[in-house]
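[1] No sequence on hand, only this structure:
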């Protein structure tokens with residue numbers, strides 16, 4: 001299950017093709033489904049034993065396709081409808097994590113059409129700079145760093161072209177870490193650090209060669225490593241994730257405080273993606289990662305009749 005209709009379509013196709021190749025290496029018969037509006041008809045025709053979820057973004061990572069698979073009684077990899085929907089929404093994710101005592105950056109949410117003084121509210125509640133994000137997009141699409149009040153309004157307009165809600169977070173000056181989790185029971189992978197050549201980890205830094213460097217295991221203390229892995233597993237469990245996820249964290253400079261910023265329930269799965277890089281550092285090859293994720297495929301809802 002790949003491609004789809006989200007802004008992350010091209011990245012999803014890359015993930016899907018890499019996964020399909022690994023599944024064939026494992027001896028499975030594979031049908032590559034580029035998800036469109038005729039998905040139910042395609043699934044009825046192909047009658048797959050299992051759906052391997054390689055869809056990123058809306059219409060795939062947000063629980064919508066998972067709901068269809070539950071209705072059609074096709075087991076699938078990864079998270080349930082609830083966990084997929086909750087983690088796709090950055091605001092909901094942060095509220096749930098905060099309620100569980102997991103540290104997250106302070107934020108305010110601004111909705112499309114709100115007629116208040118956004119610039120003053122952000123300055124009063126958070127101060128500048130801030131990070132501005134659409135509530136429900138992935139791959140850093142629509143994310144920007146806003147350094148002063150003058151830049152807020154045009155940045156909000158750009159977000160509202162993608163989403164009805166803008167998440168405005170306090171800017172965290174520090175190091176970006178990520179922790180992959182695979183399998184049932186969950187196996188927590190080594191901590192990976194992302195170092196960008198310039199600015200923050202935006203779409204260009206993620207997907208254009210040479211704009212980022214990845215260090216795994218991250219060059220942090222054993223204590224911080226264990227803390228990052230523990231926070232990631234707690235976040236994974238708090239949102240009821242399963243099968244595979246990647247938790248992104250910031251290690252704040254000066255305070256040394258770790259904060260969770262996002263949970264990705266269908267992370268990139270090519271041989272050079274972050275989660276497989278972390279798995280490789282633990283001695284787990286890409287094909288083994290795919291086999292582990294496939295092994296957890298199941299239906300998550302008991303339907304009567």
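    Happy to help now that I have it. Just so we're clear, the structure is a prediction, and the values are computed from it rather than from any experiment.

[2] Tell me which stretches of the stretch 101-250 of the chain form helices.
    Under the criterion DSSP state H, counting those that start in this stretch, the stretch 101-250 of the chain carries helices at the ranges 118-125, 149-160, 203-207, 222-238.

[3] Comparing those, which yields the minimum mean pLDDT?
    Set side by side, the helices of the stretch 101-250 of the chain give their lowest mean pLDDT on helix 203-207, at a mean of 49.

[4] hang on, residue 217 packs against residue 178?
    No: the pair residue 217 and residue 178 fails to qualify as a contact (Cβ atoms under 8 Å) at a distance of 11.9 Å. C-beta coordinates here come from the backbone N, C-alpha and C atoms, glycine included.

[5] Could you pull out the residues contacting both of these two?
    191-192 (Cβ atoms under 8 Å, 6 or more residues apart in numbering).

[6] Neighbour count: those two, which is higher?
    Neighbour count, other Cβ atoms under 10 Å: between residue 217 and residue 178, residue 178 has more, with 27 against 14.

[7] who's that one bridged to?
    Beta-bridge pairing for residue 178 (DSSP bridges): residue 192, residue 248.

[8] And stretch 107-125, what's buried?
    With burial defined by 16 or more other Cβ atoms under 10 Å, the residues of stretch 107-125 counted as buried are 107-108, 110, 118-119, 122.

[9] Quick check: the farthest pair among those?
    107 and 119 (15.8 Å; Cβ to Cβ).

[10] Show me the domain layout of the chain.
    Per automatic domain parsing, the structural domains of the chain span 9-78, 86-103+173-295, 107-170.

[11] quick one: which of these is nearest residue 303?
    For residue 303, the closest of these is domain 9-78, at 7.1 Å, according to Cβ to Cβ.

[12] count of residues packed around the nearest residue to residue 60 once chain neighbours are set aside?
    Leaving aside its chain neighbours, residue 60 sits nearest to residue 4 (4.6 Å; criterion: Cβ to Cβ, 6 or more residues apart in numbering). Here the number of neighbours of residue 4 (other Cβ under 10 Å) works out to 26.

[13] swap in residue 275?
    Residues near residue 275, counting by other Cβ under 10 Å, number 25.

[14] what's the helix or strand in which it is found packed up against?
    Here residue 275, judged by DSSP states H and E, is contained in helix 274-281. In terms of contacts (3 or more Cβ pairs under 8 Å, 6 or more residues apart in numbering; DSSP states H and E), helix 274-281 is packed against strand 174-183, strand 187-196, strand 243-252, helix 286-295.

[15] Mind putting the ones you listed into TSV with mean pLDDT and distance to residue 275?
    Shown next, in TSV, are those (pLDDT from 0 to 100; distance: least, Cβ to Cβ, whole Å):
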stretch	mean pLDDT	distance to residue 275
strand 174-183	97	4
strand 187-196	95	7
strand 243-252	98	5
helix 286-295	97	7
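
[16] The domains of the chain: which one's closest to residue 302?
    Distances from residue 302 to each of the domains of the chain were compared by Cβ to Cβ, and the smallest falls on domain 9-78, at 9.8 Å.

[17] And the closest one, end to end?
    With Cα to Cα, to the nearest Å as the measure, the ends of domain 9-78 fall 19 Å from one another.

[18] what does stretch 55-62 give?
    Length of stretch 55-62, first residue to last, Cα to Cα: 9 Å.

[19] Pull the distance from that stretch to the chain's centre.
    Centroid separation between stretch 55-62 and its chain, computed with Cα atoms, centre = their mean, to the nearest Å, is 10 Å.

[20] ok, now stretch 144-163?
    When C-alpha coordinates are averaged (Cα atoms, centre = their mean), stretch 144-163 and its chain have centres 22 Å apart.

[21] contacts for that stretch?
    For stretch 144-163, contacts defined as Cβ under 8 Å, 6+ apart pick out 7, 110, 112, 118-120, 122-123, 128-137, 141-142, 166, 168, 171, 199-200.

[22] Next, the buried residues of that stretch.
    Under the neighbour-count criterion of 16+ other Cβ under 10 Å, stretch 144-163 has 144, 146, 151-152, 155-156, 159-160, 162-163 buried.

[23] Perfect, I'm done here.
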